[in-house]
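Q: Curious how this folds, go ahead:
(2 chains)
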Number of protein chains: 2
Amino acid sequence: MGRVLIIGAGGVGGVVAAKCAEVPEVFSEVVLASRTIEKCERIRSRIGQPIEIAEVDADDVHQLVDLVEEVSAELIVNAALPYQDLTIMEACLATGVDYLDTANYEPRDEAKFCYRWQWDYHSRFQERGIMALLGCGFDPGVTNAFCAHASKHVFDEIERIDILDCNGGVHRHPFATNFNPEINIREVTAPGRYYQDGRWIEVAPLSVSKTFDFPGIGVREVRLLYHEELESLAKNIPDVGRLRFWMSFSDEYLTHLRVLQNVGMTRIDPVVYEGRQVVPLKFLKALLPDPAGLGEGYQGKTCIGCLIDGKIDGDEKRYFIYNICDHVEAYQEASAQAVHYTTGVPAMIGAMLISTGVWRREGVFNVEELDPDPFMELLPKFGLPWTGEFLD
Amino acid sequence: MGRVLIIGAGGVGGVVAAKCAEVPEVFSEVVLASRTIEKCERIRSRIGQPIEIAEVDADDVHQLVDLVEEVSAELIVNAALPYQDLTIMEACLATGVDYLDTANYEPRDEAKFCYRWQWDYHSRFQERGIMALLGCGFDPGVTNAFCAHASKHVFDEIERIDILDCNGGVHRHPFATNFNPEINIREVTAPGRYYQDGRWIEVAPLSVSKTFDFPGIGVREVRLLYHEELESLAKNIPDVGRLRFWMSFSDEYLTHLRVLQNVGMTRIDPVVYEGRQVVPLKFLKALLPDPAGLGEGYQGKTCIGCLIDGKIDGDEKRYFIYNICDHVEAYQEASAQAVHYTTGVPAMIGAMLISTGVWRREGVFNVEELDPDPFMELLPKFGLPWTGEFLD
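A: Numbers count the residues shown, from 1 in each chain, chains lettered A, B, ... in the order given. Purely as a prediction, here's the structure:
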C-alpha cells in the first residue's frame, strides 16, 4: 500500500488529497505539501480523514528530495504549477519514486507549452525503473482515456476528434479564472492550433468558433484553442485525420480578457514600476479571486467530452462521450468547484492505478497509452459518471 | 515683464511653455521644470523660441523655493499633478510669487477633490500680497469665464447651467486617457454629483446620461460627472438653480473602465505583490500610453461649452457658448492633442493677465470672479475661438 505525496494545495490539490484519503486501503499515508503551509492546514481541517502536511518550495529540487525521503513517499502527485513539473520529475529520479501530473511543463518566461521537455525524460525514468504519468486530470486525462476507449471498444477507425469543454457555471465574481489566472490567461491568449492530415495549423487566438449542444447545459458557443492533449493524441491515435480542442467562454469573460490584453495586463515580460520590476500577468493574479475560493455559491454544470467521427463496419459514425459535473454537488462533496473536482478525481484514480500496479510501467507515458478499461470503470465510482452515445 | 516658471512637463506643460514663449513681450523668461529633466528637454527641442529648463520635485517645498529664487520667477504656472498644488502654493507664499493652476488639489490616498484646501489659503495669500488663480484651464477655466460672460453680457438671471464636454477624437490606442490616467480614472469612477436648489445630489458613477448635438461633432451620449468648477460656480453665480457637468465617453472607453474596475485595477489602496506594495491604479498608469504622446495621429475634434438657461427681459432663453478644437490642428501647431491644447492655452492667457496686472488681485480666486472680457478677447487670438448662440 502506497504513501502518496501531493504537491500543491490549490483547488485541485485539495480534491486529490480528499479523494486519496477516502481510500486508505490504497494510500496508507497521504501527505499534502505546499510553499504555503496555511493552505495545507485549511485543506486538512476540511477533510474528515487524517492527512499529513508539509512545507516545500517545488522550485527547489533539494527541498523536494529531502521531503520525499522524510515522508518515504512512493508516488508524487504534482498539483503545483506547470512551471514546476521538471524540478519535481528531477526529485523523482533522485529518489526513485513515481510521478503523476495534470498539466504539462511550461517555462515561466515564455507562453509555450508542449510535452517535449517531459517526454525527453522517458529513457531516464525507464533506466531508473520508475513511471511518470503525464496529464492525468480531466482534459488532458479523462479526454485521452475517452479516446483510447473509443479506439478500443467503439470504432474500427477514428478519423476526427473534437474535444469540447464547456463550463456552464456562474460564480459570484464579474471576472475570475477557474485555474491559476496566470496559466489560464497564457493558454487562452496563445494562438489557436489544431492538427490536420499530419500538420499543425495555427489560427489567431480565439478567432475560430462554432456552437455545440452540450448535454445538461444546452447550446453554447465554443472557441478553438490549442490544448496539450492534442500533441499526445496526434502521436498516439493511429492515423487520426483531425484533432481539435474547443472551449466555451462567456461574452463577459471574452470582454474582460480583451480589455486586459489591450491595456497590457496579460503581458508576461516585466514592466518597471517605481524602479522595480513587476510582471503584469503576475500582478493581475494577485488582484483576481483565488480560483480555490470560487466553489461557494458556484451554480451550474460543466460538460466535457470527445466528439468522435470514424468508421464502424465501413459506416461513418459520430459518437460523443462525456461527463457532466455539477458545481454545487462538487462543492458539497469536496468543497471544490467542478473544474477542480473533475481535475482532481482522475489524478487520484491514476495514482491509484499506479500504486496498485494496474497501470504501472517504466518510463514516461500519456493516459491514452494505457488500458482505458480500469480507469473508465473507476471514474463513476469516484464521482465522475460518463456517457457515450452515437449522434445522428 | 514677467519671469514665469512652469512646473510639469506633460502634455499641458508643453503647451503652456510653447504659448508663453510666443509672447516674449509679456514673459521675458520662460522656465520649464519637471521631476524628469528629459521631458523638459524634449519640449524645449520642439519649441522654436528659447526657454530654460530645470529639474524639481514638486512634492518638496524646499526644492521649489530654491528653484524660484534661482530663476527669480514672478509667477508659477502649475501644470504638475493635482497632488502637488499645496506644496507649490506653499512655495509661492515662501517666496512671494503669484500662482496659477488648472486642476484643484487632491490628496493621493483618497479620491476626493474640492477647493476647500486651496480656498483656505485666501487670507495668507492676501496678507502676503500675492495672487492664486485656481482652475484656469478649459474646464475648469474657460467654462467658468463662459458663465461669467453669460452673466455679465447675456442674461438678466441665470437659472441652470449644463457644462458639456465632448471629445469626438479617435487616437491610435484601444484604451488611453487624455490626462494622467490616475487622475482621469479617479475622477470618472467617483460618484456623480450635481447642484440643485442649494443642495448637492449624488448619483452612482456614470449612471445618468443624455444626448446632446455638439456643433462640429454631432449627437453624442454624455454622462453626468462631478467636476470641480461646479463647486466654485455654485458659490459665485448668484442664485443659480442647477449646475451639472456632462462628459462624453465612447462605448469602448466605458467597457475598458468597467473591466478595469471589476478586476481591481482602479484601486488606489496598495496590494501586496511579491512582498512589496503596489497601487493598482499607479501600476495601470505605468502600462497605459503616455497622454502626452497621443497627439500624433489623433483625429477629430473636441467641443466643450456651457448650455445656459435663464431670463432676458422676462423671457426664458437657452444659450450655448462653446469652443471647437481640432486634434490635428492642435498637433500641427503645438505638438499636442486638443485636450492638452485647450487646457494649456487658457493657462497661458490667465498667466498673461496676471503678469500684465489686468487680472491681478491679492488672495485666492476662481476664474469666474474676474472680469471675463479681457480673457474672452484673448482666447481666439491664441487659438481658441468661441461661439455663443441662442438655441430654440
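
Q: switch to C-alpha atoms for all contacts and neighbour counts from now on
A: Noted.

Q: Now stretch A:236-244: buried residues?
A: Using 16 or more other C-alpha atoms under 10 Å in any protein chain shown as the test for burial, stretch A:236-244 gives A:236-237, A:240-244.

Q: who touches it?
A: A:147-148, A:151, A:158-163, A:193-198, A:224-226, A:230, A:233-234, A:368-369 (C-alpha atoms under 8 Å, 6 or more residues apart in numbering or on different chains).

Q: The least confident helix or strand in chain A by mean pLDDT - contacts with which helices or strands?
A: Counting by mean pLDDT, DSSP states H and E, chain A has its least confident helix or strand at helix A:181-189, which shows a mean of 86. Using 3 or more C-alpha pairs under 8 Å, 6 or more residues apart in numbering or on different chains; DSSP states H and E, the elements in contact with helix A:181-189 are helix A:280-287.

Q: Centre of the chain to the helix it packs on, how far?
A: With C-alpha atoms, centre = their mean, to the nearest Å as the basis, helix A:280-287 stands 22 Å off its chain's centre.

Q: quick one: contacts for the closest residue to chain B within the stretch 101-250 of chain A?
A: In the stretch 101-250 of chain A, the residue that lies nearest chain B is residue A:174 (6.1 Å; C-alpha to the nearest C-alpha). By C-alpha under 8 Å, 6+ apart, the contact list for residue A:174 reads A:252, B:262-263.

Q: Restrict those to the buried ones and give me that as a ChimeraX selection.
A: Listed next is the ChimeraX selection for buried residues among these, using 16+ other C-alpha under 10 Å:
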select /B:262,263
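
Q: Save the contacts of residue A:174 as TSV, and put in pLDDT, secondary structure and distance to residue B:220 too.
A: Formatted as TSV, those follow (pLDDT from 0 to 100; DSSP: H, G, I helix; E, B strand; the rest coil; distance: C-alpha to C-alpha, whole Å):
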residue	pLDDT	secondary structure	distance to residue B:220
A:252	91	helix	25
B:262	94	helix	26
B:263	94	coil	28
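
Q: hmm, back to that, which ones, among the contacts of stretch A:236-244, also lie beside chain B?
A: Near chain B, taking C-alpha under 8 Å from any C-alpha of the partner chain as the test, no member of the contacts of stretch A:236-244 is found.

Q: In helices only, show me those.
A: Secondary structure from DSSP state H places A:147-148, A:230, A:233-234 of those in helices.

Q: was I right about residue A:13 contacting residue A:20?
A: No: contact criterion C-alpha atoms under 8 Å: residue A:13 and residue A:20 do not qualify, at 10.4 Å.

Q: Let me see the domain layout of chain A.
A: Chain A breaks down into these domains under automatic domain parsing: A:2-138+A:341-381, A:142-336+A:386-391.

Q: Can you add distance to residue B:188 and give the ones you listed back as TSV?
A: Compiled in TSV, the domains of chain A are given as follows (distance: least, C-alpha to C-alpha, whole Å):
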stretch	distance to residue B:188
domain A:2-138+A:341-381	35
domain A:142-336+A:386-391	17
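
Q: Show me where the stretch 1-150 of chain A has its helices.
A: Here the stretch 1-150 of chain A has its helices, by DSSP state H, counting those that start in this stretch, at A:11-21, A:37-46, A:61-71, A:85-95, A:116-119, A:122-128, A:142-149.

Q: which of those is buried the deepest?
A: Of these, the one with the most neighbours on average (mean count of other C-alpha atoms under 10 Å in any protein chain shown) is helix A:11-21, at a mean of 28.

Q: Export that helix to CSV, keeping only CA atoms.
A: Extracted in CSV, the C-alpha atoms of helix A:11-21 (Å, rounded to 0.1, in the frame of the first residue of the first chain):
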residue,chain,number,x,y,z
GLY,A,11,-8.2,23.8,-5.6
VAL,A,12,-7.0,20.6,-7.4
GLY,A,13,-4.5,19.6,-4.7
GLY,A,14,-7.4,19.8,-2.2
VAL,A,15,-9.5,17.4,-4.2
VAL,A,16,-6.7,15.0,-4.8
ALA,A,17,-5.9,14.9,-1.0
ALA,A,18,-9.6,14.4,-0.1
LYS,A,19,-10.1,11.7,-2.6
CYS,A,20,-6.8,9.8,-1.7
ALA,A,21,-7.8,10.0,1.9
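
Q: any idea of the mean pLDDT for it?
A: Average pLDDT, helix A:11-21: 96.

Q: got the angle for it vs helix A:37-46?
A: 40 degrees (axes from the mean of the first three to the mean of the last three C-alpha atoms, to 10 degrees).

Q: which residues are in contact with helix A:11-21?
A: If you take C-alpha under 8 Å, 6+ apart as the criterion, helix A:11-21 is touched by A:6-7, A:27, A:29-32, A:43, A:47, A:49-51, A:79-80, A:291-293, A:334, A:336-337, A:340-341, A:343-345, A:347-348.

Q: Try it again at 6 Å.
A: A:43, A:47, A:49, A:79, A:292, A:340, A:344, A:348 (C-alpha atoms under 6 Å, 6 or more residues apart in numbering or on different chains).
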